[in-house]
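> here's my sequence, what's the structure:
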Amino acid sequence: MANSDLDRHQTGSVPVPDPTKLTTDAVEALKGQLLILFDTKLNDNRELVNEKFAGRDKALEAAFKSAEATAVKTEQNVIKQIDNLTLLMASQNNANAGQINDIKDRLTTIESRGKGLADGYGWLVAGLGLLVGGGGLIAFFAK
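Prediction:
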């Protein structure tokens, strides 16, 4: 018994069972369990990240659609405003053209009156000149 007890507990300087082998086996077993646990956690985290990205992608897609719809409405409103401004400018130009034509007609009338008066003065001076000239001739011949 003494010899078999010695064989079980110690062979040379290494005890039996070898604690180094037991430790290595335990480390390998724990290493495998840690790898499984790590893979599980990593996959869970990967799924969470994918879910968050999927939610973010949906939110971004909705935001882009909303922004696009807003841009289209804004563009349509700007086009309507430009069209309204074009019509307003055209009507203002027509009104201004009418006013300019009225002013031209009035100016022509005023100029015509002035020319008429100038022509009248010219005839008056010519008539007076004829009277004076005719009176001078009569006086010349009457002597």
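> what number of residues lie near Asn45?
Residues near Asn45, counting by other C-beta atoms under 10 Å, number 10. For the C-beta atoms, the positions are set from N, CA and C on the backbone; glycine is no exception.
> same question, Thr23
10.
> name the element it belongs to?
Element membership for Thr23, per DSSP states H and E: helix 19-142.
> average pLDDT for that helix?
Helix 19-142 shows a mean pLDDT of 86.
> now that helix: how far from the chain's centre is it?
Relative to the centre of its chain, helix 19-142 is centred 12 Å away, using C-alpha atoms, centre = their mean, to the nearest Å.
> what packs against that helix?
For helix 19-142, there is no helix or strand it packs on, judged by 3 or more C-beta pairs under 8 Å, 6 or more residues apart in numbering; DSSP states H and E.
> ok, Asn94 to Thr108 distance?
Distance of Asn94 to Thr108, computed by C-beta to C-beta, to the nearest Å: 21 Å.
> kindly report the same for Ala90.
Using C-beta to C-beta, Ala90 is found at 27 Å from Thr108.
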